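In: The sequence and its predicted three-dimensional model are supplied below.
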Amino acid sequence: MRVGSPNSAAAVVAAGAAALGVASIWVAALRRPFQFSYVEGYLVEQALRVRGGDLYRPLGEPAWIVDNFPPLYPALLAATGADAHGLWAAGRLMTMAAVVGLAWVLWRHGESRNGRAYAVAVAVAWLVLPFVLRRSVLVRMDFLAILLAVSGVLAYRSGRRGWALAAFLAAGLTRQTMLAAPLALALTMPRREALRFLGALAVLAAGAVALLSLAWPDMLRHLVLYNTGRYFPLMALAKYGSLLSLHAPLLILAAASWWRLRGSEDATDRFLVRYAPLALALAVTVGKPGSTYNHFLEGLFAAAWLVARSPPIALRGLRLPARARATALVTTQASILLVSGLVGGPLATTMAALGEGDDQLALVDRLAAAPAPVLSENAGVVVQAGHDVLLEPRTLLELHLSGRWDDAPLVSSLHNGIYSVVVTEGFGSDGRRSDGFRFSAEAWAALQETYVVEQVVGRWTVWVPQGGAP
């Protein structure tokens, strides 16, 4: 049953208010050329290096940096032509555009079945989901990769098979874990067609990797070997628990939609019934140290897509005209979805991150005044200060702990006090997290033996050599 917008004013007003809130946060984020998340600074730095073809370097000395992601996103970021200051806004605009593109997919698929008001409500609900809103202001490739994969599905369904393969390949070259969409699509095909489709995609992927490896021989080492390590099932379970606790209304509605659509003969419905479980199951990689909640974004989008496609649930037992019954349902579902995002804390946490700009500006000024080399867990301030980024500690710590990289050169450099300034992240006396959580015990001890704390700036600690500048 289609729902007319005049009878769904409450849902539209709620969606409009949420959209304005999202827009205000995005405008504020675009004005802040600093990292809100650990990985952002390294992606901006990677975009600067890709202009010289300097990616996927051996872990020699210097610098100790693992390029965790395929080259397409930093290449697109570099292609904007922005400098170290402008790359932040460019990367965030790319993220926001991808988020809006995914919202448009939800709107189109909801509007065709359930009316404009319902579609708008689901699309805006996607924008304010806790994990989505918090990451919609980041310089990251996740939403772009999801949009490319979804574009591949839509292209294949419209008969443009070549474009579909290109979109799936681009998604994989943006984020190497984008397997759920092509696998789910293959599961809807007859066996021979599925084998041809997967075979063609595998050949394209192998060819692309071979060509890129000619330019960067260590690319696969960075993307595969350095990205595998220890796995903690309880960590994964805890993160799935956070996913459920913050997004329970959406996931419950999605489960109900999945149940109603499981026997549908519609091609898109059949794809979604397979896509949502696959995307959520493949997010099990959150059990790897260093993995974050961005692994859940594709599953959340698939869940929202299910809700957009599913016919509204009939409200039984109410003696109301059909249009009034449908309107009541739309308003109720829209409110549940929107509230699930707003009360989940994304507004508070995102605004708190936006407020750290002054702290990072002070760090930029301090590092800009320091002679090279400098060492920092915040790569963004190093880039802004005009220094070379020499360390990506989180991945290197995991490689060290799993016995695949010896951090003796790093320990030695700290013992020798070669850095004029070292910046570490920590929360100090409140006990939530202490400095050194991204360093091995040996590296942290070497830092403490050779350096003294000069100042604490917000959640960042600035260290200088005990005897003065090297």
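Out: It's in.
In: Quickly find the element holding residue 463.
Out: Using DSSP states H and E, residue 463 sits in strand 460-465.
In: What strands line up against that strand, and which way round?
Out: strand 421-425 (antiparallel), strand 451-457 (antiparallel) (DSSP bridges).
In: can you list contacts of the longest one?
Out: If I follow you right, that is strand 451-457. By CB atoms under 8 Å, 6 or more residues apart in numbering, the residues outside strand 451-457 that reach it are 359, 362-363, 366, 414, 417, 421-422, 428, 461-466. Every C-beta, even on glycine, is put in place using the N, C-alpha and C of the backbone.
In: Now do the strand holding residue 463: distance to the chain's middle.
Out: Averaging C-alpha positions (CA atoms, centre = their mean, to the nearest Å) puts strand 460-465 30 Å from its chain's average.
In: quick one: contacts of that strand?
Out: Applying CB under 8 Å, 6+ apart, the set of residues contacting strand 460-465 is 359-360, 363, 366, 378, 417, 419-426, 428, 435, 447, 450-456.
In: picking that back up, for PyMOL, write a command that selects the buried ones of the contacts of strand 451-457.
Out: Command for PyMOL, covering only those of these found buried under the criterion 16 or more other CB atoms under 10 Å:
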select buried, resi 359+362+363+366+414+417+421+422+461+462+463+464+465
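In: Out of the contacts of strand 451-457, which one has the weakest pLDDT?
Out: Here the lowest pLDDT out of the contacts of strand 451-457 sits on residue 428, with 49.
In: continuing past whichever strand or helix holds residue 155, what's the next helix or strand?
Out: Under the criterion of DSSP H and E, residue 155 resides in helix 142-157. Next along the chain after helix 142-157, taking DSSP H and E as the criterion, comes helix 161-174.
In: Contacts for that next one next, please.
Out: 69-73, 141, 144-146, 148-149, 151-153, 155-156, 178, 181-182, 197, 200-201, 204-205, 208.
In: And the contacts of the following helix or strand past it?
Out: Following helix 161-174 in sequence order, the next helix or strand is helix 180-187 (DSSP H and E). With CB under 8 Å, 6+ apart as the test, helix 180-187 has contacts from 149-150, 152-153, 156, 168, 171, 194, 197-198, 201, 271, 274-275, 278-279, 282, 298-299, 302.
In: Show me which of the residues you listed are buried.
Out: Listed as buried from the contacts of helix 180-187 are 149-150, 152-153, 156, 168, 171, 197, 201, 271, 274-275, 278-279, 282, 298-299, 302; burial here means 16+ other CB under 10 Å.
In: Any regions of the stretch 201-350 of the chain where pLDDT drops low?
Out: 311-350 (pLDDT under 70).
In: can you give me the helices in it?
Out: For the stretch 201-350 of the chain, the helices defined by DSSP state H, counting those that start in this stretch occupy 219-223, 233-261, 267-282, 297-309, 322-342, 346-354.
In: Show me the protein divided up by domain.
Out: Domain assignment for the chain by automatic domain parsing gives 5-345, 356-465.
In: from the chain's centre, how far out does the last one sit?
Out: The chain centroid and the centroid of domain 356-465 are separated by 24 Å under CA atoms, centre = their mean.
In: who touches stretch 151-160?
Out: Outside stretch 151-160, the residues that touch it by CB under 8 Å, 6+ apart are 105, 161, 163-168, 171, 181-182, 185, 197, 267-268, 271, 275.
In: hmm, which of these are the buried ones?
Out: 105, 164-168, 171, 181-182, 185, 197, 268, 271, 275.
In: for stretch 76-89, which positions count as buried?
Out: Applying a neighbour-count criterion of 16+ other CB under 10 Å, one finds 76-78, 82, 84, 87-89 buried in stretch 76-89.
In: Quote the end-to-end distance of it.
Out: Chord length of stretch 76-89, first to last residue, is 13 Å (CA to CA, to the nearest Å).
In: Likewise for stretch 181-199?
Out: 15 Å.
In: Show the average pLDDT along that stretch.
Out: For stretch 181-199, mean pLDDT rounds to 96.
In: ok, back up a step: residue 251: which of the buried ones among the contacts of stretch 151-160 is nearest?
Out: Ranked by distance to residue 251 (CB to CB), the buried ones among the contacts of stretch 151-160 are led by residue 275 at 14.6 Å.
In: The nearest residue to that closest one once chain neighbours are set aside and residue 280: what is the separation?
Out: Spatial nearest neighbour of residue 275, excluding adjacent residues (CB to CB, 6 or more residues apart in numbering): residue 184 at 3.9 Å. Using CB to CB, to the nearest Å, one gets 11 Å for the distance from residue 184 to residue 280.
In: Can I have the buried ones of the contacts of strand 460-465 as a PyMOL selection?
Out: Per 16+ other CB under 10 Å, the buried members of the contacts of strand 460-465 correspond to this PyMOL selection:
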select buried, resi 359+360+363+366+378+417+419+420+421+422+423+424+425+426+435+447+450+451
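In: Near residue 236, how many other residues are there?
Out: 18 (other CB atoms under 10 Å).
In: How many residues are close by the closest residue to it other than its chain neighbours?
Out: Closest residue to residue 236 apart from its sequence neighbours, by CB to CB, 6+ apart: residue 287 at 3.1 Å. By the criterion of other CB under 10 Å, residue 287 has 19 neighbours.
In: Surely residue 287 is in contact with residue 240?
Out: No - counting by CB atoms under 8 Å, residue 287 stays clear of residue 240, with 9.3 Å between them.
In: Residues that sit against both of those two, list them.
Out: Counting by CB under 8 Å, 6+ apart, nothing touches both residue 287 and residue 240.
In: how about residue 149, what does it touch?
Out: Applying CB under 8 Å, 6+ apart, we find residue 149 in contact with 167-168, 171, 178, 180-182, 298.
In: if we go to 6 Å?
Out: Residue 149 is in contact with 171, 178, 181, counting by CB atoms under 6 Å, 6 or more residues apart in numbering.
In: for residue 268, same thing?
Out: Applying CB under 6 Å, 6+ apart to residue 268 gives no contacts.
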